[in-house]
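In: Fold the following for me, if possible:
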Amino acid sequence: MINRRFLLSCLAAGVVGAGAVVSSTAMAQPAPYAPIPAPRYEVVPGPRHGYLWEPGHWHWDGVQYVWIGGRYIVARAEYRRYVPGHWRPRGPGWEWVPSHWEY
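Out: Here you go, the predicted structure:
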């Protein structure tokens, strides 16, 4: 049979440990988004038949903005137009709208 005092001390340690995890996680929450940096200048390679150039953009990784470089994507003839990804205002901050195709 398990010693009752040992079991209670393990339970207490678990509760205290869980509290420590919660409080350290709460302290690690990111601050509100910083202003979006200006886009970087990218040298766009020459045109490629059947492809479109998707420009680079800033991505928020939870701590800071990181640059995602541009790339070629396959053109999709069945769609009417391509809409590049862009930042748009939302409430007090901004949100990223990924690139997409429209009919």
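In: show me where pLDDT drops low in the chain?
Out: Along the chain, segments meeting pLDDT under 70 span 1-33.
In: Which residue ranges of it form strands?
Out: 51-54, 57-60, 65-68, 71-74, 81-83, 86-90, 93-97, 100-102 (DSSP state E).
In: Out of these, which gets nearest to Ala38?
Out: Ala38 lies closest, by Cβ to Cβ, to one member of the strands of the chain: strand 57-60, at 9.0 Å. For every residue, glycine as well, the C-beta is placed using N, CA and C.
In: returning to what we had before: which one of the strands of the chain lies nearest to Arg40?
Out: strand 65-68 (5.7 Å).
In: Give the partner strands of the closest one in its sheet and their orientations.
Out: strand 57-60 (antiparallel) (DSSP bridges).
In: in the strand it pairs with, what counts as buried?
Out: Using 16 or more other Cβ atoms under 10 Å as the test for burial, strand 57-60 gives His57, Trp58, Trp60.
In: same thing with stretch 43-51?
Out: Buried, per 16+ other Cβ under 10 Å, within stretch 43-51: nothing.
In: What of stretch 52-67?
Out: For stretch 52-67, by 16+ other Cβ under 10 Å, it's Trp53, Glu54, Pro55, Gly56, His57, Trp58, Trp60.
In: how far does it stretch from start to finish?
Out: Distance across stretch 52-67, first residue to last, is 19 Å (Cα to Cα, to the nearest Å).
In: List of residues touching it?
Out: The contact list for stretch 52-67 (Cβ atoms under 8 Å, 6 or more residues apart in numbering) reads 30, 33-34, 36-37, 39-40, 42, 44-45, 68-73, 75, 82, 84-87, 96, 99.
In: repeat that for 7 Å
Out: 30, 33-34, 36-37, 40, 42, 44, 68-73, 75, 82, 84-85, 99 (Cβ atoms under 7 Å, 6 or more residues apart in numbering).
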